[in-house]
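*Asks:* okay, sequence plus prediction incoming.
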Amino acid sequence: MRQIQFQQLHEASWSALEEILDSLESGRNGPKLPTESIRRLPSLYRDVCQHLALAQSRCYSTALIEKLHHLAMRAHHQLYKREFRIGKRMLEFMVSDFPVTLRNHHRLFWLAFMLFFAPGILFGAVCYFNPDMIYVVVDDSSVAQMEYMYNPDADHQTGRQEGMENASRVSMFGFYVYNNTGIGFRTFAGGILAGLGTLFFLVLNGLVIGGIAGYLTELGYVETFWGFVIGHGSFELVAIVISGMAGLLLGKAIIAPGNMRRIEALKRNAGQAVILISGAAGMFFTAALIEAFWSPLPIPAAIKFIAGALLWLLVFSYLFFTGRNRNAA
Amino acid sequence: MTPLKLDTACTIETPEGISLKLYPAGPVARGAAWLIDSLIRIGLYIGLVLVLGVLGATGTGILLVAVFFLEWFYPVYYELTRGSTPGKSAFGMVVVHSDGTPVGWQASVIRNLLRTVDFLPLFYGFGLVSMLLNKRFQRLGDMAADTLVVYKPAPRESAVINSMAIKPPADLLPREQQALINFAERMERISESRSIELSDHLVSLTGEKGRQGVEKLLGYARWLANGR
């Protein structure tokens, strides 16, 4: 068959497909086509695939082949689009995807946990018995600032206890989201460098946070410091651990790919890691809310300790028990 | 060993059994797209500071949350809603999975969170090295997410061949016929001296040199494409 006959024969179906694609690509605001004509998309797409194959094997002109290729490509793009409905997925994600994925890699979770908490506790003890050691990881002015913030006798403490302005709470919330979640994301991303970036961030953050905790405890700021951090610490510290765990999952693909090529292992592990880091981001947001609006409340430290303990319990029981029956099903 | 190719096109096979070609975008074009996106983001930051500045401490809080989302999720938002950021769209690029399908949320989040490592140690150092070592110009984030940044195909309109149809003096193989038609369709985009140079290779077919040779080839092409 000559090209010109071929074109005349199929021109109508190509322009029908083109019309559907134009309408789909213009999105929400564009012209709407009736459902019946959208339903023709798959069969028109299969037709154009066949025409493309014919045009190629019959050596029709490049311009025609390119035109059909372009049509096939656009239709492929529309047909194989992944649907994304954030509302429905969100609940499913929280009650199932995230905790189940976490438990599937529980060894990596505990590894990240140790890499963060072991240096933290050790260095905390060091700073408790030898406070000068804090200056190894934190600079002078930051230490002075911490000391001032949690000093029970400082003027601002009474001010804070009597009710901080709502405005500055919102600004602290913004800061915690920006800073802490950013740290979590970097901890995760560093994992692609064979896990080294993640290792660095986990250990460094462990040292800094543990060191400050030991130092302030030695000064006797127990109620102000521990009372402040115990609540949001549950979500925040575990979120750092999970970010690290997601990073280690990337690193594992490079270091120990198993029976796969490294690139294949990386793709597969990244698909799991993205679920973990997304869950961690949600936990960072929760922590920021608690840290900005609950932790500075002027209530007795005893209540904060009890609430804090309950929050830790909540976090761990959420991670370890949610979605278990779904998993089995 | 596979032979070296002239272009960077890579072929994917669809479930319908046809091959689609993807044209990955190189580091220079992507760098330029990134620059445009950076300027847009800086503009947004300035706008936000001006608007939220009047709200005092509350404004600062909202600003920081906004900066956080712009920094990490600006590309994710555009990739999921339009296929690529405004900067990339300006160069006709779109982000796809390596099987050519539109990018989903997981791949988009992976490639954009890992951007921070590609940026290291300075101005996309790792990303550039990774792209240059990779046949499909993937930075580290693209490799982990299994994504490509490709040019949206833009087809040329089929050119009309205006010559008188002339029957070719010999039977031509399909490939040869196709080459003649391509030659005719590309006439508008090549200079006259180049077209003469090309047609002079076919003296044995046309029996003419120079301008007349070109005319004869166009005549053959017309005959092959449209018939008498």
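*Replies:* Yes, it's here.

*Asks:* every contact and neighbour count from this point should use C-alpha atoms.
*Replies:* Fine.

*Asks:* now do the helix or strand hosting A:His76: which elements does it pack against?
*Replies:* Assigned by DSSP states H and E, A:His76 falls within helix A:62-79. Judged by 3 or more CA pairs under 8 Å, 6 or more residues apart in numbering or on different chains; DSSP states H and E, helix A:62-79 is in contact with helix A:3-25, helix A:41-57, helix B:174-185.

*Asks:* mind checking which of these is nearest B:Met131?
*Replies:* Distance to B:Met131, taken as CA to CA, is lowest for helix A:3-25 among the helices and strands packed on helix A:62-79, at 30.0 Å.

*Asks:* name the residues that touch the closest one?
*Replies:* A:30-33, A:37-38, A:41, A:44-45, A:48, A:60-61, A:71, A:74-75, A:78, B:225-226 (CA atoms under 8 Å, 6 or more residues apart in numbering or on different chains).

*Asks:* which residues in chain B form helices?
*Replies:* With DSSP state H as the criterion, chain B has helices at B:27-52, B:56-82, B:86-90, B:105-113, B:115-118, B:125-133, B:140-145, B:174-185, B:192-199, B:203-206, B:210-226.

*Asks:* out of the ones you listed, which is the most enclosed?
*Replies:* helix B:140-145 (a mean of 26; mean count of other CA atoms under 10 Å in any protein chain shown).

*Asks:* run through who's touching that one.
*Replies:* Contacts of helix B:140-145 (CA under 8 Å, 6+ apart): A:192, A:263, A:266-267, A:270-271, B:106-108, B:110-115, B:117-118, B:126-127, B:130, B:148.

*Asks:* going through the contacts of helix A:3-25, which ones are buried?
*Replies:* With burial judged by 16 or more other CA atoms under 10 Å in any protein chain shown, the buried subset of the contacts of helix A:3-25 is A:Ile38, A:Leu41, A:Leu44, A:Tyr45, A:Val48, A:Tyr60, A:Ser61, A:Leu71, A:Arg74, A:Ala75, A:Gln78, B:Ala225.

*Asks:* and those residues as TSV, adding distance to B:Thr14 and pLDDT?
*Replies:* Output for those, formatted as TSV (distance: CA to CA, whole Å; pLDDT from 0 to 100):
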residue	distance to B:Thr14	pLDDT
A:Ile38	21	80
A:Leu41	16	88
A:Leu44	15	91
A:Tyr45	12	92
A:Val48	13	92
A:Tyr60	21	80
A:Ser61	22	77
A:Leu71	14	91
A:Arg74	13	89
A:Ala75	11	90
A:Gln78	13	86
B:Ala225	29	73
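
*Asks:* between the residues you listed, which is closest to A:Phe188?
*Replies:* Taking these together and measuring to A:Phe188 by CA to CA, the closest member is A:Gln78, at 32.4 Å.

*Asks:* ok, the closest one - contacts?
*Replies:* Contacts of A:Gln78 (CA under 8 Å, 6+ apart): A:Leu21, A:Leu24.

*Asks:* report the separation between it and A:Ser26.
*Replies:* Look at A:Gln78 and A:Ser26: by CA to CA, to the nearest Å, they are 12 Å apart.

*Asks:* same question, B:Ser195
*Replies:* With CA to CA as the criterion, B:Ser195 and A:Ser26 are 40 Å apart.

*Asks:* and the nearest residue to A:Phe225 once chain neighbours are set aside, what pLDDT?
*Replies:* Nearest non-adjacent residue to A:Phe225, counting by CA to CA, 6 or more residues apart in numbering or on different chains: A:Tyr150, 5.7 Å away. Looking at A:Tyr150, its pLDDT stands at 84.

*Asks:* A:Tyr150 reaches A:Thr217, doesn't it?
*Replies:* No. Here A:Tyr150 does not reach A:Thr217: they are 10.3 Å apart, not a contact under CA atoms under 8 Å.

*Asks:* common neighbours of these two, please.
*Replies:* Common contacts of A:Tyr150 and A:Thr217 (CA under 8 Å, 6+ apart): A:Phe225.

*Asks:* closest residue of chain B to chain A?
*Replies:* Residue nearest to chain A within chain B: B:Gly61 (3.3 Å; CA to the nearest CA).

*Asks:* which ones are touching that residue?
*Replies:* A:Ser168, A:Val170, A:Ser171, A:Met172, A:Phe173, A:Gly174, A:Phe175.

*Asks:* take these and write them to CSV, including distance to A:Pro300, pLDDT and neighbour count.
*Replies:* What follows is the contacts of B:Gly61, written out as CSV (distance: CA to CA, whole Å; pLDDT from 0 to 100; neighbours: other CA atoms under 10 Å in any protein chain shown):
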residue, distance to A:Pro300, pLDDT, neighbour count
A:Ser168, 22, 82, 17
A:Val170, 23, 86, 23
A:Ser171, 24, 87, 21
A:Met172, 22, 88, 23
A:Phe173, 22, 90, 26
A:Gly174, 26, 90, 26
A:Phe175, 26, 90, 21
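
*Asks:* read off the pLDDT value for A:Thr158.
*Replies:* 49.

*Asks:* next one: A:Tyr176 from A:Val143, what distance?
*Replies:* From A:Tyr176 to A:Val143 the distance is 19 Å (CA to CA).

*Asks:* who's more crowded, the two?
*Replies:* A:Tyr176 (23 against 16; other CA atoms under 10 Å in any protein chain shown).

*Asks:* chain neighbours aside, what residue packs nearest to the more buried one?
*Replies:* A:Ala288 (5.4 Å).

*Asks:* just confirm that neighbour contacts A:Gly231, I think it does.
*Replies:* No. Counting by CA under 8 Å, A:Ala288 does not reach A:Gly231; the two are 10.6 Å apart.

*Asks:* sorry, back to before: which among the helices and strands packed on helix A:62-79 is found nearest to B:Tyr78?
*Replies:* Across the helices and strands packed on helix A:62-79, closest to B:Tyr78 is helix A:3-25 (CA to CA), at 14.6 Å.

*Asks:* chain center to the closest one: distance?
*Replies:* The chain centroid and the centroid of helix A:3-25 are separated by 43 Å under CA atoms, centre = their mean, to the nearest Å.
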